[in-house]
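K.L.:
Sequence and predicted structure are below.
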Amino acid sequence: MEFHTLIRTASVGNLETVIGFVERRADHFGLNQNKKFGLLIAIEEAFVNICHYAYPDGVGEVELVCRRGVGSFEVEIADCGIPFDLLSLPDPDTTADIMERKIGGLGLYFIRKMTDEVSYRRENGRNILRLVLHIEKEPGS
């Protein structure tokens, strides 16, 4: 199975590099434009959350692995920060009036809505968030 890996410091200053890496891999593996757009939003949300919250006592690293699965494009984002299963949080109330909504939670909402599958595991001292998008054949191919 072909895969590509990028490791960067968990710094918002590396966001452009991370987004570019995932975008190039998504193109390489044939993800369509609409799904790629949603994926890049999800990647941005996940990466920025790691930058802000995973390493409260210092700086750490983030590893991204992109691979083509059977009929899918997969991205795993791993960090050695504090354990945090973002999937354990509920979706925000998007039906409430905007002035009455609680602050926060929309990033997780976007991650869930912009991907076909999302999962979390804690393994060997690392948080691993796995995002999966199904690759659909373009009409006429």
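P.N.:
Alright, I've got the coordinates.
K.L.:
buried stuff in the host helix or strand of residue 64?
P.N.:
Per DSSP states H and E: residue 64 is located in strand 61-69. By neighbour count on 16 or more other C-beta atoms under 10 Å, the buried set for strand 61-69 is 61-62, 64-68. Where you see a C-beta, it was placed from the backbone N, CA and C, and this is true even at glycine.
K.L.:
Export those as JSON lines, with columns for distance to residue 83 and pLDDT.
P.N.:
Shown next, in JSON lines, are these (distance: C-beta to C-beta, whole Å; pLDDT from 0 to 100):
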{"residue": "61", "distance to residue 83": "16", "pLDDT": "98"}
{"residue": "62", "distance to residue 83": "15", "pLDDT": "98"}
{"residue": "64", "distance to residue 83": "19", "pLDDT": "98"}
{"residue": "65", "distance to residue 83": "20", "pLDDT": "98"}
{"residue": "66", "distance to residue 83": "24", "pLDDT": "97"}
{"residue": "67", "distance to residue 83": "24", "pLDDT": "96"}
{"residue": "68", "distance to residue 83": "29", "pLDDT": "93"}
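K.L.:
For residue 8, give its distance to residue 54.
P.N.:
Using C-beta to C-beta, to the nearest Å, residue 8 is found at 13 Å from residue 54.
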